[in-house]
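J.: with the input below, show me the fold.
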Amino acid sequence: MFGIPGKQAVTLTPRAAAQIVRLMDREGHSGLRIGVKKGGCAGMEYTMDYVTDMDPNDEVVEQDGARVLIAPMAQMFLFGTEIDYETGLLESGFRFNNPNVAEACGCGESIKFNEPAEKPS
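T.: Here you go, the predicted model:
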């Protein structure tokens, strides 16, 4: 696993946790898996999928009855992220407050991460 021992990879606001619990209960799933993939105008996109079978390599975050699983390839990109759920007049959805993002496009769904620091030779 990636991260700091004793510190969760991501945190959930109370609104996000409540929405995840609603989705888990309504759909009968074990949780919500979060990842990243190449795509979008900034280079990467967040992914969210229902979990029916848990992968032993996923990082599991449980908070206020909600269960979020972080795909192995996404753990280093999501560490330190706060996940919120916002409800608006035109749209509602999860929002990622991610300190690792260098740029985001106007829609907020496509992101670019900071380049990893190079090791001195």
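
J.: quick one: strands adjacent to whatever helix or strand Glu45 lives in?
T.: Using DSSP states H and E, Glu45 sits in strand 44-51. Sheet pairing for strand 44-51, assigned by DSSP bridges, gives strand 31-38 (antiparallel), strand 110-113 (antiparallel).

J.: rank those strands by pLDDT, which is bottom?
T.: Mean pLDDT values for the strands paired with strand 44-51 show the minimum at strand 110-113, a mean of 55.

J.: re earlier: give the buried residues for the strand holding Glu45.
T.: Met44, Glu45, Tyr46, Val51 (16 or more other Cβ atoms under 10 Å). (Each C-beta comes from the backbone N, C-alpha and C, glycine too.)

J.: my guess is the second one meets Gly39, correct?
T.: It refers to Glu45. Yes. At 4.6 Å, Glu45 counts as touching Gly39 under the criterion of Cβ atoms under 8 Å.

J.: buried sites along stretch 89-97?
T.: Buried-residue list, stretch 89-97, by 16+ other Cβ under 10 Å: Phe94, Phe96.

J.: contacts for that stretch next, please.
T.: Ala16, Gln19, Tyr46, Met48, Leu78, Thr81, Glu82, Ile83, Asp84, Tyr85, Glu86, Gly108 (Cβ atoms under 8 Å, 6 or more residues apart in numbering).

J.: let's see which of those end up in strands.
T.: Residues of those located in strands (DSSP state E): Tyr46, Met48, Thr81, Glu82, Ile83, Asp84, Tyr85, Glu86.

J.: select from those residues the one having the most neighbours.
T.: Ile83 (27 neighbours; other Cβ atoms under 10 Å).
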